[in-house]
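[1] Structure, please.
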Amino acid sequence: MLFDLTLLTLALTTFASANPISKRAPKHLSYPLHKVEYNETHEIAKRSGHSSLPLDNYYDFGYYANISIGSNKAPLHVQVDTGSYQLWIPESKTGDSLNKFDPFISKTYKNESKPYEITYVGQDSVKGYYGTDDLWLPDGTKVPNYEFATVYQYSRSTPFWGIAGSTVKNISVANAMRNAGLIDHAAYSIELGALHAQKASLVFGAIDRAKYNGNLTILPKGDGTGVLTNSVTFANGKKFNIGINLPIDTGAPFTYLSKPIADPILTELSGGKLNSDYTFDCSIANQNKNLTFNFNGVNIDIPYSDLIRQSGSKCVSTILVDTFQVLGDNFLRHAYVAWNFDTNKVGLAQATHSDKTDLIDFYF
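    Residues are numbered from 1 along each chain as shown. Next up is the predicted model:
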């Protein structure tokens, strides 16, 4: 009988390890984003240190979320920005009917008596003061003691909601969520969807395995929100070395590169001859070709259709020349990115643009 019982125990143990009956879902907060498209000249301001960034973009996108702040749940329509870590909101005296906040109405607001200032390229500084209050997500989840800025001077009425990591306790929303016990990791993953998709996927605290091909390649986080970009490979197999840290940023509609890097890429994209006004043959966008960004162990293909855009009667590239360098939305629409700010690592893979969901815990 003892022998039989031992066999039964072994059999049950083997069955349990090979066929887990249930798997604990990771603590997460799924966040729907929607895309706003501008089919005309539209002024967009973006921070970039002391460099100069063109503000008039011929055709651009922004990825937006609806959140609320304070005990009165003041509604906000904010542009999600993976390149910064702060939220600022116009105060009630200056904000429009949607994006404004009155700290005197919210019973949970605490003024930190700490000045706030950030400079956007080509425009005046945004100035205000820091405070904390409850942040409310669309599903009713409350993120307590979230630190943000209420501003009285600003150059655009739609706030940026920076979601990158920070060493400050609750100024990063991922930190605030983790500290409140809503997620286990100060981390998020994002997939913007295809070029003409109207929705994007943002998940705090978990990775969506259905949204990328193969396995995530785990890379060390560079300066800021950057990742070391080794090179690009053209459709004809030629390779051009880059070897620089490039931020990955939803707040930038396009990819911006310095002239020594951008010009060789744009020359190859144009078929060998780059026009002095940086215009392109519009038929290039219809070619079934990719420009491939190469990282350490993973390659991300960007189709030509997301690199060439109509601008009036001409076509131009969504890779622009500037001293401020960043991989923008035209890159992110084809990459699945998972940031873990607790470990300062990033997972990167080719995006699938799948509607399915398969959430797993952060493992790196």
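
[2] State the next helix or strand along the chain beyond the helix or strand where residue 128 lies.
    Using DSSP states H and E, residue 128 sits in strand 125-136. Per DSSP H and E, the first helix or strand lying C-terminal to strand 125-136 is strand 142-153.

[3] Please point out which parts of that following strand sit buried.
    Residues of strand 142-153 classed as buried: 143, 146-151 (neighbour count, 16 or more other CB atoms under 10 Å). In short, each C-beta sits where N, CA and C put it, glycine included.

[4] quick check, residue 214 in a helix?
    No: Residue 214: not assigned to a helix; according to DSSP: H, G, I helix; E, B strand; the rest coil it is coil.

[5] Would you check how far apart the residue nearest to it when sequence neighbours are not counted and residue 128 are?
    In this structure, residue 214 finds its nearest non-sequential neighbour in residue 349, 6.1 Å apart by CB to CB, 6 or more residues apart in numbering. Separation of residue 349 from residue 128 (CB to CB, to the nearest Å): 38 Å.

[6] What's the local residue count around residue 104?
    Under the neighbour criterion other CB atoms under 10 Å, residue 104 is assigned a count of 9.

[7] re earlier: and the strand holding residue 128 with strand 142-153, angle?
    Here strand 125-136 runs at an angle of 160 degrees relative to strand 142-153 (axes from the mean of the first three to the mean of the last three CA atoms, to 10 degrees).

[8] so which helix or strand takes in residue 262?
    Secondary structure (DSSP H and E) places residue 262 in helix 259-269.

[9] Can you point out the buried residues in that helix?
    Buried, per 16+ other CB under 10 Å, within helix 259-269: 261-262, 264-266, 268-269.

[10] Could you list the low-confidence segments of this protein?
    Residue ranges of the chain with pLDDT under 70: 1-24, 38-60, 94-98, 120-124.

[11] domain parsing for it?
    Per automatic domain parsing, the structural domains of the chain span 29-189, 206-361.

[12] Check whether residue 227 sits in a helix, strand or coil.
    strand.

[13] Settle this for me: it is touching residue 242, isn't it.
    No: using CB atoms under 8 Å, residue 227 makes no contact with residue 242, being 11.4 Å away.

[14] okay, the two: which has more neighbours?
    Shown here are residue 227 and residue 242; by other CB under 10 Å, residue 227 has more neighbours (23 against 20).

[15] Identify the residues contacting residue 314.
    By CB atoms under 8 Å, 6 or more residues apart in numbering, residue 314 lies in contact with 279-280, 282.

[16] Cool, thanks, talk later.
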